[in-house]
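*Asks:* fold the following.
(one chain, ligands or ions: 1)
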Amino acid sequence: MYICSMELKNDLLLRAAKGEKVERTPVWLMRQAGRILPEYRKVRASVSGFIELAQTPELAAEVTIQPVDILDVDAAIIFSDILVIPEAMGLPYEMIEKKGPRFPETIKSKADVDKMRVADVEESLSYVTKAIEITKKELNGRVPLIGFAGAPWTIFAYMVEGSGSKTFSKAKAMLYTDPELSHQLLSKITDSTIAYLKAQISAGADLVQVFDSWAGILSHDQYKEFAIPYLKKIADAIQEVPKTIFAKDAHAAFADLSKLDYQTIGLDWTMNPREVRKIVGSNKTLQGNLDPCVLYADKNTIRVHTRNMLQHFGTERHIANLGHGVYPDINPDHVKYFIEAVKEYSQK
Ligand SMILES: Cc1c2[nH]c(c1CCC(=O)O)Cc1[nH]c(c(CCC(=O)O)c1C)Cc1[nH]c(c(CCC(=O)O)c1C)Cc1[nH]c(c(C)c1CCC(=O)O)C2
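*Replies:* Residues are numbered from 1 along each chain as shown. From the prediction side, this is the model:
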């Protein structure tokens, strides 16, 4: 295995995550790899689809590095998807053009849960670790590389529901109708996720982010019972690199999340950085949270909103980002205005 001991030329992201001094606020964008860049769409058109691209390490590395070259962000995030975990557990997915992921089979019964295995990462996810190794080599220490996984609840939601949904009512229903079975599945997902994140770190990931995209649809009590303990297990198991938790819409969860061993907590655009800071204390780094829709506006509007956002967070312990992934139809030039504004206004 290729272990990278190379010095990073730009380690702003890692220093901000650890609460160390930075000359300016680091910036990257969730979902920066792909979608918005014509250069990405060109690579994407050379293969059958998203899944083939993600499973071809040389191409995955290429599209991972594109935003570093083109947008000048302070981190790369490995090109993959959170849904590779269900697939490695025995539940394959399809990516339907313009619609999103779909699972031909879903989890309905105890027999279905029993059939799921804890992912054998080396056997089924070596394409991701290979892509990380190539990316690290090609980045040559320019910026840190972020690894990632879905949070257990969000992965559970897709495995039970079978696709995206406004309510995820089937997945939520299972938590109420069969809590014991739900915990069994969540445990298997958690063990798979820990093995997967450790493999990404061994391959070279410098920081890992856990995406709990559907955190906000659970009740406060459900989040405490079915999400927090598994996020804790992941945080406790991963000690090698800094960790970030992004729990979208989870307004009520900050007090619990701040007790977990994640150095950075992500905010979506509905959240008030000053209010969140009061709840989580001074010992965490916050990441976010410009509304992605600001990037539809003109340059001056983007600069004004970016400056306001930076003022809300302050100059310490902040990683600038959007409040969720960048939308596919955003003009890449407007993304650059955002990145340039962060660099300019946060310079000390
Ligand atoms: C919920 C979720 C998924 N995937 C992901 C999440 C969590 C973050 C979030 O809440 O947005 C995470 C993800 N998916 C992808 C990345 C790559 C790295 C990056 O740039 O951030 C990351 C970090 C590639 C992708 N994942 C997907 C694409 C588009 C597929 C294509 O090119 O056809 C890419 C580049 C497809 C995908 N994958 C998923 C959905 C719902 C969709 C369809 C809608 C969409 O495009 O966003 C599941």
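*Asks:* any idea of the mean pLDDT in the strand or helix carrying Thr190?
*Replies:* Here Thr190 is covered by helix 179-203, with elements defined by DSSP states H and E. Here helix 179-203 scores 98 as its mean pLDDT.
*Asks:* next one: it, is it in contact with the ligand?
*Replies:* No. Using CB under 6 Å from any ligand atom, helix 179-203 never reaches the ligand; the gap is at least 12.1 Å. Every C-beta, even on glycine, is put in place using the N, C-alpha and C of the backbone.
*Asks:* so what's the gap between that helix and the chain middle?
*Replies:* Relative to the mean C-alpha coordinate of its chain, helix 179-203 is positioned 16 Å out (CA atoms, centre = their mean, to the nearest Å).
*Asks:* can you name the element that comes right after it?
*Replies:* Next helix or strand after helix 179-203 toward the C-terminus (DSSP H and E): strand 207-212.
*Asks:* returning to what we had before: taking strand 207-212 as reference, get the angle to the helix holding Thr190.
*Replies:* Helix 179-203 and strand 207-212 are oriented at 160 degrees to each other (axes from the mean of the first three to the mean of the last three CA atoms, to 10 degrees).
*Asks:* in helix 179-203, what's buried?
*Replies:* Buried residues in helix 179-203, counted by 16 or more other CB atoms under 10 Å: 181-182, 185-203.
*Asks:* for the residue of the stretch 51-200 of the chain found nearest the ligand, give me its contacts.
*Replies:* Scanning the stretch 51-200 of the chain for proximity to the ligand using CB to the nearest ligand atom identifies Gly100 as nearest, at 3.2 Å. Residues in contact with Gly100 (CB atoms under 8 Å, 6 or more residues apart in numbering) are 163-164.
*Asks:* what values do phi and psi take at His318?
*Replies:* In terms of degrees, to the nearest 10, the main-chain angles of His318 are phi -130, psi 140.
*Asks:* what about it, how many residues nearby?
*Replies:* Neighbours of His318 under the rule other CB atoms under 10 Å: 26.
*Asks:* what do you get for the one 10 residues further on?
*Replies:* By other CB under 10 Å, 11 other residues sit near Pro328.
*Asks:* excluding chain neighbours, what is closest to it?
*Replies:* Residue nearest to Pro328 in three dimensions, not counting chain neighbours: Arg35, with 4.2 Å by CB to CB, 6 or more residues apart in numbering.
*Asks:* just give me the neighbour total for that neighbour.
*Replies:* 17.
*Asks:* what sits against it?
*Replies:* Contacts for Arg35 (CB under 8 Å, 6+ apart) come out as 326-328.
*Asks:* so for stretch 69-82, what gets flagged as buried?
*Replies:* Judged by neighbour count using 16+ other CB under 10 Å, the buried positions of stretch 69-82 are 70-71, 73-82.
*Asks:* enumerate the residues of this structure near the ligand.
*Replies:* Applying CB under 6 Å from any ligand atom, we find that the chain lies next to the ligand at 30-35, 44, 50, 77, 79-83, 95, 100-101, 148, 164, 211, 213, 325.
*Asks:* ok so, going back, out of the contacts of Arg35, flag the one nearest to Arg277.
*Replies:* Arg277 has its nearest neighbour among these in Val326, at 24.7 Å by CB to CB.
*Asks:* in the sheet, who's paired with the residue of the stretch 51-200 of the chain closest to the ligand?
*Replies:* Taking DSSP bridges as the rule, Gly100 bridges to Ile96.
*Asks:* give the contact list for the residue lying farthest from the centre of the chain.
*Replies:* Within the chain, Ala111 marks the point farthest from the mean C-alpha position, 30.7 Å out by CA atoms, centre = their mean. Listed by CB under 8 Å, 6+ apart, Ala111 has no contact partners.
*Asks:* so for the helix or strand where it lies, mean pLDDT?
*Replies:* Assignment of secondary structure by DSSP H and E places Ala111 within helix 110-115. On average, the pLDDT along helix 110-115 is 98.
*Asks:* buried residues in it?
*Replies:* Buried-residue list, helix 110-115, by 16+ other CB under 10 Å: 112-113.
*Asks:* please apply the same query to stretch 42-56.
*Replies:* Neighbour-count burial for stretch 42-56 flags 43-44, 50-51, 53-56 (criterion: 16+ other CB under 10 Å).
*Asks:* which residues does it contact?
*Replies:* For stretch 42-56, the external contacting residues (CB under 8 Å, 6+ apart) are 34, 59-60, 62-63, 79-81, 84, 94-95, 97, 127-128.
*Asks:* 6 Å instead, please
*Replies:* Contact partners of stretch 42-56, identified using CB atoms under 6 Å, 6 or more residues apart in numbering, comprise 59-60, 63, 80, 95, 127.
*Asks:* again with stretch 126-133
*Replies:* By CB under 6 Å, 6+ apart, the surrounding residues in contact with stretch 126-133 are 2, 55, 57, 60-61, 78, 80, 199-200, 203-205.
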